[in-house]
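Visitor: fold the following for me, if possible:
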Amino acid sequence: IHRAKLYKDAGADSLFVIGLKDIKTVREIVSAVELPLNVVGISSLSSVDELTDCGVKRISMAGILYGTAYGKIDSLVNSIKKENSLSQLY
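Guide: Residues are numbered from 1 along each chain as shown. Below you'll find the predicted structure:
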């Protein structure tokens, strides 16, 4: 919070905080800092409504979205190989 206030004083127009694990900490930051808060969505902070309700202005998915997509693609490709069929695509 102290560093966030220094960023604001230096001219920052938003705050991006990584590593947040719980909604209580998110609420503390939002209430103490006058900058719009951006966070990385993680499993323990996955409710968009809850994050929005406590004042988060932007939710980043960082590499999580790409990792999930590639995991699904990998699973699909393995199914195609195993079944020797493209039917999984349709």
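Visitor: for residue 41, see how far away residue 85 is.
Guide: 35 Å (Cβ to Cβ, to the nearest Å). To be clear about C-beta, it is placed using only N, CA and C from the backbone, and glycine gets the same treatment.
Visitor: tell me which of the two has more neighbours.
Guide: Neighbours were tallied for residue 85 and for residue 41 using other Cβ atoms under 10 Å; the higher tally belongs to residue 41 (18 against 11).
Visitor: just checking, that one touches residue 64?
Guide: Yes - contact criterion Cβ atoms under 8 Å: residue 41 and residue 64 qualify, at 7.0 Å.
Visitor: what's the spacing between the helix or strand harbouring residue 80 and its chain's center?
Guide: Using DSSP states H and E, residue 80 falls within helix 64-83. Helix 64-83 has its C-alpha centroid displaced from the chain centroid by 21 Å (Cα atoms, centre = their mean, to the nearest Å).
Visitor: what's the mean pLDDT across that helix?
Guide: Regarding helix 64-83, the rounded mean pLDDT is 94.
Visitor: now for that helix, which elements pack on it?
Guide: With contacts taken as 3 or more Cβ pairs under 8 Å, 6 or more residues apart in numbering; DSSP states H and E, helix 64-83 sits against no other helix or strand.
Visitor: which positions within that helix qualify as buried?
Guide: If you call a residue buried by 16 or more other Cβ atoms under 10 Å, then helix 64-83 has no buried ones at all.
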